[in-house]
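Q: just a sequence and a predicted model for now, questions to come.
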Amino acid sequence: MTAAATATLRAAPSPAAAAPPVPRRRPEPPAVHADVAATALLQVQGVSLEYRTPEHVVRATHQVSFDVHQAERFVLLGPSGCGKSTLLKAIAGFIPPAEGQIHLDGRRVQGPGPDRIVVFQEFDQLPPWKTVKQNVMFPLLASRTLGRRDAEDRALHWLDRVGLSRFADVHPHQLSGGMKQRVAIARALAMQPRVLLMDEPFAALDALTRRRMQEELLALWEELRFTLLFVTHSIEEALVVGSRIALLSPHPGRMRAEINSHGFDLASQGSPEFQATAQRIHHLLFDAPPHGADGDHPQ
Ligand SMILES: Nc1ncnc2c1ncn2[C@@H]1O[C@H](COP(=O)(O)OP(=O)(O)OP(=O)(O)O)[C@@H](O)[C@H]1O
């Protein structure tokens, strides 16, 4: 049976039933105790998110639910405007749900915290007046996670991990776009968050750099097994980066399906299985009948 034939498409998330019988191309996360595995690290339950303007209420997502388990690479995939970034911001604690709840480690998310760090798409997310090292140290100091000496040690450690030791004392404008993103990733991982949130982090990079960054992210994950929540509107990127993908319908975003994708990596991109699964996702995203709900309504 091909990987495409076994890639699981289903409407209701159920991690226990998530593993399709495809040959593993990447080793899976180490086995965890059943009690730990049973409780999701991150639980998003019936979450509707809205923006209120003086004239309108814009519903960005409608009753979205999913679970993310420890060491998963979970991808939110959907067309532009389906509410992916808004969901990520709600998980980060920047936007309170209009309906539903978000729990991390069993505790309700009620605001931002150092257990959730976001890497954005923008290259200007690094304050330009700080050196690379100071940028990585900044959240460690601001959150009082570490004192200055330990923060510096940790920053240098993480810059080494992303291959930027030599650039510790330069300023962001002296780096390429891909290097800036590596600094942002080092800064995020240095905080040792429970979940790393990435909002289209490679979308502004050229194709080659984007591919290299995907490779580097996966290599870091192989080594560290952090939990990743990754937003993209690229089907190919979702299949390469994710071990599980949540498909969101167009505006307002609703859960359309969940897909297991841990059988794929960068090397499988040209394969018939990869192409067939990408095609299937495309049909699910764009050919399904509209649900009839208008996302915006007058105040
Ligand atoms: N600050 C805001 N005020 C009002 N509406 C907003 C605001 N931010 C986003 N929206 C609306 O909420 C919906 C979801 O936006 P969001 O940015 O989360 O989508 P997305 O899936 O991340 O899109 P993209 O892939 O283009 O980034 C869209 O209809 C958008 O217009």
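A: Good, I have the coordinates.
Q: looking at this, Ala257 is in a strand?
A: Yes. Counting by DSSP: H, G, I helix; E, B strand; the rest coil, Ala257 is found in a strand.
Q: who's it bridged to?
A: For Ala257, the beta-bridge partners under DSSP bridges are Leu247.
Q: helix, strand, or coil at Ile245?
A: Classified using three-state DSSP, Ile245 is strand.
Q: list the residues that contact it.
A: Applying Cβ atoms under 8 Å, 6 or more residues apart in numbering to Ile245 gives the contacts Phe74, Val75, Leu77, Ala238, Leu239, Glu258, Ile259, Asn260, Ser261, Ile281. All C-beta spots, glycine's among them, are computed from the backbone N, C-alpha and C.
Q: how far away is it from the ligand?
A: In this view, Ile245 and the ligand are 14 Å apart by Cβ to the nearest ligand atom, to the nearest Å.
Q: residues in contact with the residue found closest to Asp169 once you drop the neighbours it is linked to in the chain?
A: By the measure of Cβ to Cβ, 6 or more residues apart in numbering, the closest residue to Asp169 outside its immediate chain neighbours is Thr131, 5.2 Å from it. By Cβ under 8 Å, 6+ apart, the contact set of Thr131 is Ala168, Asp169, Val170, His171.
Q: which residues sit in contact with Glu216?
A: Glu216 sits in contact with Val162, Gly163, Arg182, where contact means Cβ under 8 Å, 6+ apart.
Q: ok, now Ala188?
A: Ile117, Val118, Val119, Leu196.
Q: need the contact partners of the helix or strand encompassing the last one.
A: Under the criterion of DSSP states H and E, Leu196 resides in strand 195-199. For strand 195-199, the surrounding residues in contact (Cβ under 8 Å, 6+ apart) are 41-42, 68, 84-85, 88, 91-92, 104, 115-121, 188-189, 226-231.
Q: what about the ligand: which of those residues touch it?
A: The subset of the contacts of strand 195-199 within reach of the ligand, by Cβ under 6 Å from any ligand atom, is Lys84, Ser85.
Q: are any of the contacts of strand 195-199 buried, and which?
A: Buried by 16 or more other Cβ atoms under 10 Å: 41-42, 68, 84-85, 88, 91-92, 104, 116-121, 188-189, 226-231, out of these.
Q: how far does the biggest helix by length in the chain sit from the chain's center?
A: Of all the segments of type helix in the chain, defined by DSSP state H, the longest one is helix 207-224. Offset of helix 207-224 from its chain centre (Cα atoms, centre = their mean, to the nearest Å): 13 Å.
Q: can you give me the mean pLDDT across that helix?
A: What helix 207-224 shows for mean pLDDT is 89.
Q: which positions in that helix come out as buried?
A: Thr209, Arg210, Arg211, Arg212, Met213, Gln214, Glu216, Leu217, Leu218, Leu220, Trp221.
Q: dump these into JSON lines; add distance to Arg148 as well.
A: Output for these, formatted as JSON lines (distance: Cβ to Cβ, whole Å):
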{"residue": "Thr209", "distance to Arg148": "33"}
{"residue": "Arg210", "distance to Arg148": "35"}
{"residue": "Arg211", "distance to Arg148": "37"}
{"residue": "Arg212", "distance to Arg148": "33"}
{"residue": "Met213", "distance to Arg148": "30"}
{"residue": "Gln214", "distance to Arg148": "34"}
{"residue": "Glu216", "distance to Arg148": "28"}
{"residue": "Leu217", "distance to Arg148": "29"}
{"residue": "Leu218", "distance to Arg148": "33"}
{"residue": "Leu220", "distance to Arg148": "26"}
{"residue": "Trp221", "distance to Arg148": "30"}
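Q: I'm done for today, thanks for sticking with me.
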